[in-house]
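# Output the structure for:
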Amino acid sequence: MRQPQVLKLLAHLSAGAQRSAAAQPGFAATTALAGAVHITGSLSTAKHTASTNQWRTLTSSLAPAAAAAQSQVHGNVAAVLSEVDAIISREDAGPKIVADAAMALAYLQARSDRRLWGKIFERAAANKGSFDPASLTSFLWAATTAGVGHFKTTFELSGSAVKLLGSFNTAQLATVVEALGTAGVNDVELMQAVSSRVASKPGDFTASQLAKILYGFAAAGNHDVALMKAALGALAGKAGADASARDLAQVVWALAKLGRADNNTLGSLSKALSAKLGAGEAAQDVVAAVWGFAQLNHKPDAGLLTKAAAAIKGAAADLSTEQQIQAAWSLALLGQGDKDLYSSLFGVLGSAIAAAPDSASIPLLAKLAEAQMLVADKLGGQAPKLPEQVQRYAWSMHGIVTGAANKKANASSAAFKSEVAEATARATGARYKPEITAAVSKLAKITHDGLPVEIALDDLKVAVLPVEADALSTSSARAPLGPLAAKMELLRARGYAPALVPAPGFNAQPDATAKAQFVLSAIRAAAPGVSSQLNALEKKLKERFDPYAE
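Take a look at the predicted model:
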């Protein structure tokens, strides 16, 4: 007897859920597996929650939460999974069955069943040439929502998406781009075609669809300026009026991922998000937005920061460890001084990390150490603190990250930093090679509270920072991004004026003397109060130097 072919929504969905499904043009029509499982909560709620859990890579990767977490599943789940297994194992299991099986597992929150997901991806690969727009959209959405994937299969399915480009409606296209981007697939042909479609007819897309497309391009690492201009232009017009808080958060996240720090655009997004942000917004979306602003080193509307702090404070225990750390770091860098917020975040984090030290990655722990210092600098003696043991542990990880970055630097990066150190020594009076070597060896310092300073000029109270291109925004102003801005804030709080020495300008100097002058110019811009000392150093630098003179 033929088994049911449609497995997406598993049983007894409410009438509201069925209406919501019917209203989604990107998804295939569905029926139910009678009697086995009951899902409470509407489809729209589940879809929103699952999409919320797609916030990946605030820095490296946010571990996706269980799919459709607000849709509670009751009944014999094992029996349904067994039936899904039997159906997907059939040789005649086509694209629609593959999509429905993936949707079933996503809604059942069965991310851990790797064997069954493996079968689904195997059948998807076997049917890659037979997907229709609705089935491909449903499959990619379900896999991304569940937080599972197989890169080779997903990349091959991007080829199927290219062939179906003319058949996708705007909702399907946005969902496919978002899902492929989240999986790390940057199919050049697909992305170029999508960019052309959006640029030619941006008015065809809703605010939510534009936000998804921007997110997908950013998550895939695709810097398509034409797409960004078209999408942002549409969002600034009619489409922007319909944008939800989550849509705007997605846009801010995408801009941050691509390093696009345009003050006018970010200012508009900040005001719009402040107006849209309500008490019911998901805290994960709020964290993504504040991380985006912090990563781009743009202080948003004061009202937005207040609302964001309240939302995160109220849901601190429900956030993942990574989200808690990113929230603390981002809000501290943006100048938020809510003592209760940090008390809530540090309390939860302290308990979690003390109980399971491996619950956060080493780079995240380093960021937590920075967050603690930023908060202490902001609030002084009233600043909430992590438990002493956790604080020491996080700070030791900060040292490991700093040391590893220096050791793993490629040859050109290492040479740049070495040349900046030598140019600084030359700029401050060293001439002979032994003098320069000795002066360089004395440049590195550690502050009283353990902050390393690679090139410190204590007489001038200046820290010289070699700045590589990836530490600056990709927009025309080339402003410091969040990690560099955090380092600058920490240095300022310890009495050092940070003098930025960007690699492109420094490397363009013709000789060692010109590079030393470039460093002096950077110091003058950072610390105008020491101009008389700099005048003397510049005069000495310009004096003719004969290495053979007695």
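
# average pLDDT across stretch 362-378?
Mean pLDDT, computed over stretch 362-378, is 96.

# For it, list every residue counted as buried.
363-378 (16 or more other CB atoms under 10 Å). For glycine as for every other residue, the C-beta is placed from the backbone atoms N, C-alpha and C.

# Next one, pLDDT for the closest residue to residue 316 other than its chain neighbours please.
Leaving aside its chain neighbours, residue 316 sits nearest to residue 344 (4.4 Å; criterion: CB to CB, 6 or more residues apart in numbering). For residue 344, the model assigns a pLDDT of 97.

# Quick one: list the elements packing against the longest helix along the chain.
Scanning the chain for the helix with the most residues, using DSSP state H, yields helix 388-408. Helix 388-408 sits against helix 339-355, helix 362-379, with contacts defined as 3 or more CB pairs under 8 Å, 6 or more residues apart in numbering; DSSP states H and E.

# outside of the first one, which residues touch it?
Think helix 339-355. 309, 312-313, 316-317, 321, 324-325, 327-328, 331-332, 359-360, 365, 368, 372, 375, 379, 382-387, 389-390, 393-394 (CB atoms under 8 Å, 6 or more residues apart in numbering).

# The same query, at a cut-off of 6 Å, please.
309, 313, 316-317, 321, 324, 328, 359, 375, 382, 384, 386-387, 390 (CB atoms under 6 Å, 6 or more residues apart in numbering).

# Pull the most distant pair out of the residues you listed.
With distances taken as CB to CB, the most widely separated pair in the contacts of helix 339-355 is 359 and 382, at 27.6 Å.

# More neighbours: which of those two?
residue 359 (15 against 10; other CB atoms under 10 Å).

# Tabulate the helices and strands packed on helix 388-408 (JSON lines), appending distance to residue 114.
Below are those laid out as JSON lines (distance: least, CB to CB, whole Å):
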{"stretch": "helix 339-355", "distance to residue 114": "26"}
{"stretch": "helix 362-379", "distance to residue 114": "25"}
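
# For residue 216, which of the ones you listed is the nearest?
Once these are compared by CB to CB, helix 362-379 is nearest, at 24.5 Å.

# Could you list the alpha-carbon positions for the closest one in PDB?
Only the C-alpha atoms of helix 362-379 are listed here, as PDB (Å, rounded to 0.1, in the frame of the first residue of the first chain):
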ATOM      1  CA  ILE A 362      38.900  30.400  22.900                       C
ATOM      2  CA  PRO A 363      38.200  33.400  20.700                       C
ATOM      3  CA  LEU A 364      34.900  33.900  22.500                       C
ATOM      4  CA  LEU A 365      36.600  33.800  25.900                       C
ATOM      5  CA  ALA A 366      39.000  36.400  24.700                       C
ATOM      6  CA  LYS A 367      36.100  38.600  23.800                       C
ATOM      7  CA  LEU A 368      34.600  38.000  27.200                       C
ATOM      8  CA  ALA A 369      37.800  39.200  28.800                       C
ATOM      9  CA  GLU A 370      37.600  42.400  26.600                       C
ATOM     10  CA  ALA A 371      33.900  42.800  27.600                       C
ATOM     11  CA  GLN A 372      34.800  42.600  31.300                       C
ATOM     12  CA  MET A 373      37.500  45.300  30.900                       C
ATOM     13  CA  LEU A 374      35.200  47.600  28.800                       C
ATOM     14  CA  VAL A 375      32.500  47.300  31.400                       C
ATOM     15  CA  ALA A 376      35.000  48.000  34.300                       C
ATOM     16  CA  ASP A 377      36.300  51.000  32.400                       C
ATOM     17  CA  LYS A 378      32.800  52.300  31.900                       C
ATOM     18  CA  LEU A 379      31.300  51.700  35.300                       C
END
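
# separation between residue 384 and residue 336?
Residue 384 sits 13 Å away from residue 336, going by CB to CB, to the nearest Å.

# try residue 427
38 Å.

# The two - which one has more neighbours?
Using other CB under 10 Å, the more surrounded residue of residue 427 and residue 336 is residue 427, with 26 against 23.

# How about the contacts made by that one?
For residue 427, counting by CB under 6 Å, 6+ apart, the contacting residues are 516, 519, 520.

# can we see that at 8 Å?
516, 517, 519, 520, 523, 537, 541.
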